[in-house]
Each structure stands twice: as structure tokens, then as C-alpha cells.
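Asks: Below is the structure, and that's it, no one-letter string:
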């Protein structure tokens, strides 16, 4: 099996030159735009053909793989396809003051401090911008399925750590989070139980997990119809959230489910034994 850059991104017409490819678990840290260097056991560079994240894009990608003999072999990934994530930024870039107030409310729910280690999962560029400018912290770690969105974030903020992959597989060396924003939970291809189980092992006691949507449940359902390849689930109901949270030593400390706004705040209990 050849590990792809994402379980969601189709890779076509793969040609691999000798020496044989050595399998290793995928671990991707994004370097600077416009050329992304993914720090894995191999050196891989992604030259983008467009900086516009608002549409699906095709990429021609070359990867150099050091061999034991000191020579390089090349993998060509043809027709690299980005999913369309533009809907996440639509309302955040239109100057809507009410929308930005909702974003600020979501960020405030995390109680970020200067010593905080913050995780943002499936966040928009505008949301990350707001976190950076409004809430200084020790570490901001962004996880996303989109390499292009991560590249744009990394280009603006060199100190922000970016990782392309799944939130449940975040490497332990970047963990011990005390604030987690599951900004777009319905895009995660996992059950809520799986997500909270993973976060309980990666968070400090007392950590806050903020699940949100600035437009509410109805808009999520509409997005689910329009973008079925991206939006794969719904926002959790209060009872479901409470029951699942208890199973993993979390408690629900705030829950808002209004027509135009969704916010759920969970806190990891101090006596958590999930480590």
C-alpha cells in the first residue's frame, strides 16, 4: 500500500521509479507557500499552480525520495484534486459584523491564555486569522484535510504549526492541548465517540473542547446536501453530546443550539484517566 497525502484526495497515474518505496506512517508538516515541504521520512515538495482555495484544483506533484544509495527516485502524482472548502470562508469575508461577533463568541468560549496550547480542527482561514490576532497563545496547531488551506495559513503565520491529516491521529509530540476548537465537526469522517476518545488522550485535565457552527444546525444540513463529499455528518444533539462526553471524562459546560448559531463547550475532568 502506498500512503497518500490524505485519505480524501484521489491519486491517479502513479509511477514509481526504483529503488522500492519504503512504507511509513504519514506525517505532514506544512512549510512555506508557494512551495510546500512535507516533513516525512521522505522529502516531498508540492508546487502549487494557483493560490485560490475557492475551487477544486488540479496539481502536478513531484516527490523526491532519498535511497540508501544516495540517489533520488521520483513519484509523480497526476491530477491531484482539492476539495472545495470555499463555503467555510464565504460569510467570514463579507464584512458581516454579526457573523464576526459569533466568531469572537466561539473563540472566547475557549478561554485562551498566553500559555495555552491550542488546536484548531477543520478551521477556515478567517477563523485562524481571528484566533491569531485576538488570542495570543504559546502554540497554535491547525489540522486540516486541505493542503492548500494549510499552505495559505502557513504563508501568513510562520509560527503556526500546520498538519495535514486527521485530528484523531495528531502526533503526541504536539499534544497536551488545553484548548481545542472543532470548528467544523461535520467534516470529520469519524463518530463523535472516536473524536472525544482521541482528544481525551491529547488534552490536559481542565482542557476545553469547543464545538461550533456560526450559522447553526439548519445551515449545516443545507451544506450537507450541497457538499456531500465534505460534510459527512450533523452537529450532535445535546443528549447525545452529554452521554458521549461522560464516557470520556468530559462534561458539557455550555450548550447553545439556536436557529442561527451552535456552540457546545466541553471540559475534561481533572480526574480523567484517559492518558
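Replies: Cool, the structure landed. Small disclaimer: the values here were computed from a predicted structure and weren't measured.
Asks: Can you pull out the low-pLDDT segments for the stretch 151-275 of the chain?
Replies: 271-275 (pLDDT under 70).
Asks: in it, which spans are helices?
Replies: 192-202, 217-226, 238-247 (DSSP state H, counting those that start in this stretch).
Asks: I'd like the ones you listed written out as a markdown table, with distance to residue 135 and mean neighbour count added.
Replies: In this view, the C-beta of every residue, glycine as well, is placed from N, C-alpha and C. Formatted as a markdown table, those follow (distance: least, Cβ to Cβ, whole Å; neighbours: other Cβ atoms under 10 Å):
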| stretch | distance to residue 135 | mean neighbour count |
| --- | --- | --- |
| helix 192-202 | 19 | 20 |
| helix 217-226 | 25 | 15 |
| helix 238-247 | 24 | 15 |
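Asks: Secondary structure element for residue 110, which one?
Replies: Residue 110 belongs to no helix or strand when assigned by DSSP states H and E.
Asks: and it, how far is that from residue 230?
Replies: 24 Å (Cβ to Cβ, to the nearest Å).
Asks: Can you pick out the residue with more neighbours from those two?
Replies: residue 110 (24 against 20; other Cβ atoms under 10 Å).
Asks: Could I get the contacting residues of the closest residue to the more buried one other than its chain neighbours?
Replies: Spatially, and ignoring its direct neighbours in sequence, residue 110 is nearest to residue 179 (4.2 Å; Cβ to Cβ, 6 or more residues apart in numbering). Residues near residue 179 by Cβ atoms under 8 Å, 6 or more residues apart in numbering: 110-112, 116-119, 137, 207-208, 210.
Asks: Which strands and helices lie in contact with whichever strand or helix holds residue 150?
Replies: According to DSSP H and E, residue 150 maps onto helix 147-156. Judged by 3 or more Cβ pairs under 8 Å, 6 or more residues apart in numbering; DSSP states H and E, the packing partners of helix 147-156 are strand 35-39, helix 125-134, strand 139-144, strand 161-164.
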